[in-house]
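Student: prediction below, plus the sequence it came from.
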Protein chains: 2
Amino acid sequence: MEEMKVDEKEALACCGSTQFAKQMALASPFPSLDHAVSAATDIWFNKVDVNGWLEAFAAHPQIGESPSPSSHTTSAQWSKGEQSTALATATDLGLQELSDWNARYRQKFGHVFLICAAGRSATEILAELTNRYWNRPIVELEIAAKEQMKITELRLRKLLSAKAEAVSTGSQ
Amino acid sequence: MEEMKVDEKEALACCGSTQFAKQMALASPFPSLDHAVSAATDIWFNKVDVNGWLEAFAAHPQIGESPSPSSHTTSAQWSKGEQSTALATATDLGLQELSDWNARYRQKFGHVFLICAAGRSATEILAELTNRYWNRPIVELEIAAKEQMKITELRLRKLLSAKAEAVSTGSQ
């Protein structure tokens, strides 16, 4: 079961809310990867309060920008990987436009624009951003929380699969 | 039109979000009281972000407790008036129970329990509180925001009626 254990630091790399991380660590270990994802979903949507959601959003770099050097290393590396399609497909002009809209978004909503970027091109992300910009703040908060959960799930699966593999090959 | 003018300080006494207060002052003066309420509703639900909502919630005393002496005077007096039915109908035991549930609520949601208390008894308020406690944080955030808007509307009508009366009797 060692491979299905998630400690607070690992949970925080999946989702930057300390409430989330503490409760995941308490719920760990999990009988399976699906149980871990299901526990994470319950904690995120039903237990973590709005301040915790905003804390998790704030842990992300702005889409199209590199994570700050002070950010959590695992989280920063994952973030880079998740944005690789977007960064590979973006032109300088596209990145500039993304940056401008991000600033408008932050100005309106008071938090970063959050999207599960994995596999999405810069054009797709910009289309989502300009579209979501017109939402009411409460609507956008819930969409952002759902995107955060997609990111958390991806990261949790990555983390636990890597652990399981390390155990099975004996290279713990 | 002087009576339908709302400055930033007055708006802040109606709703403790600085974003709200600034935008109300910019939208002022209003052609009628209904226009003022309608502008306030639009600003509160569509323009003020989640941080602004939390700021406004934090400006309220806990239900069943007196406002802190440092709180805005007009707002504190209004709050006392709005809670007068509750306070008049509450037993010591009822107030204690209200206080205990308020603490549980704050622990779960990270903000005070907000309800438009005007005309409601302590028993009714406690029933609402114990009922709403089971909501998901995002659901409760939206309910609290709607209660805040009811309070804001009551206060705005009180403020502007008093001003109109002062003008009509010449005692500006």
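Tutor: All right, it came through fine.

Student: can you tell me the element residue A:167 falls in?
Tutor: Taking DSSP states H and E as the definition, one finds residue A:167 inside helix A:137-168.

Student: ok, residue A:57 - contacts?
Tutor: For residue A:57, the set of contacting residues under the criterion of Cβ atoms under 8 Å, 6 or more residues apart in numbering or on different chains consists of A:111, A:112, A:114, A:144, A:148. (C-beta placed from N, C-alpha, C; glycine too.)

Student: how about the residues of chain A near chain B?
Tutor: Residues of chain A that fall close to chain B, judged by Cβ under 8 Å from any Cβ of the partner chain: A:45-46, A:48-54, A:108-111, A:136-138, A:141-142, A:145.

Student: just the helices in chain A please.
Tutor: For chain A, the helices identified by DSSP state H occupy A:8-14, A:18-27, A:33-42, A:50-58, A:73-82, A:84-89, A:92-109, A:122-132, A:137-168, in order along the chain.

Student: what stretches of chain A score poorly on pLDDT?
Tutor: Along chain A, segments meeting pLDDT under 70 span A:1-2, A:66-72, A:171-172.

Student: mind redoing it with 80?
Tutor: A:1-3, A:62-73, A:87, A:167, A:170-172 (pLDDT under 80).

Student: quick check: closest non-adjacent residue to the residue nearest to the spatial centre of it.
Tutor: Nearest to the mean C-alpha position of chain A, by Cα atoms, centre = their mean, lies residue A:151 at 3.8 Å. In space, not counting the residues next to it along the chain, residue A:151 is nearest to residue A:116; the distance is 5.0 Å by Cβ to Cβ, 6 or more residues apart in numbering or on different chains.

Student: could you do residue A:113 as well?
Tutor: Counting by Cβ to Cβ, 6+ apart, residue A:105 is the residue found nearest to residue A:113 once chain neighbours are left out, at 4.5 Å.

Student: how much space separates the one you found from chain B?
Tutor: Separation of residue A:105 from chain B (Cβ to the nearest Cβ, to the nearest Å) stands at 11 Å.

Student: does residue A:147 touch residue A:117 like I think?
Tutor: No - between residue A:147 and residue A:117 no contact is recorded; they are 9.1 Å apart, counting by Cβ atoms under 8 Å.

Student: hmm, residue A:49 is touching residue B:109, no?
Tutor: Yes - using Cβ under 8 Å as the test, residue A:49 is close enough to residue B:109 to be in contact (5.2 Å).

Student: what sits in contact with each of the two?
Tutor: Contacts common to residue A:49 and residue B:109, judged by Cβ under 8 Å, 6+ apart, are residue B:137.

Student: buried residues in stretch A:102-120?
Tutor: Taking 16 or more other Cβ atoms under 10 Å in any protein chain shown as the basis for neighbour counts, the residues of stretch A:102-120 that come out buried are A:102, A:105, A:108-117, A:120.

Student: for the residue nearest to the centre of chain A, give its distance to residue A:103.
Tutor: Distance, residue A:151 to residue A:103, using Cβ to Cβ, to the nearest Å: 22 Å.

Student: likewise residue A:153?
Tutor: With Cβ to Cβ as the criterion, residue A:153 and residue A:103 are 29 Å apart.

Student: same check, this time on residue A:56
Tutor: In this view, residue A:56 and residue A:103 are 21 Å apart by Cβ to Cβ.

Student: one more: residue A:125?
Tutor: As for residue A:125, its distance to residue A:103 is 15 Å (criterion: Cβ to Cβ).

Student: next: residue A:65.
Tutor: Using Cβ to Cβ, one gets 11 Å for the distance from residue A:65 to residue A:103.

Student: residue A:112 now?
Tutor: Distance of residue A:112 to residue A:103, given as Cβ to Cβ: 10 Å.

Student: before we move on, back to that, contacting residues around the residue nearest to residue A:151?
Tutor: Contacts for residue A:116 (Cβ under 8 Å, 6+ apart) come out as A:82, A:147, A:150, A:151, A:154.

Student: can you check residue A:140 too?
Tutor: Residue A:140 sits in contact with A:109, A:132, where contact means Cβ under 8 Å, 6+ apart.

Student: cool, and residue A:48?
Tutor: In this structure, residue A:48 makes contact with A:17, A:19, A:20, A:23, A:56, B:137, judged by Cβ under 8 Å, 6+ apart.

Student: tell me the buried residues within those.
Tutor: Neighbour counting by 16+ other Cβ under 10 Å classes A:17, A:19, A:20, A:23, A:56, B:137 among those as buried.

Student: spatially nearest residue to the fourth one (excluding sequence neighbours)?
Tutor: Take residue A:23 and drop its neighbours on the chain: the residue closest to it by Cβ to Cβ, 6+ apart is residue A:43, 4.7 Å away.

Student: ok, residue A:7 touching residue A:29?
Tutor: No - no contact is recorded between residue A:7 and residue A:29 when judged using Cβ under 8 Å, the distance being 10.1 Å.
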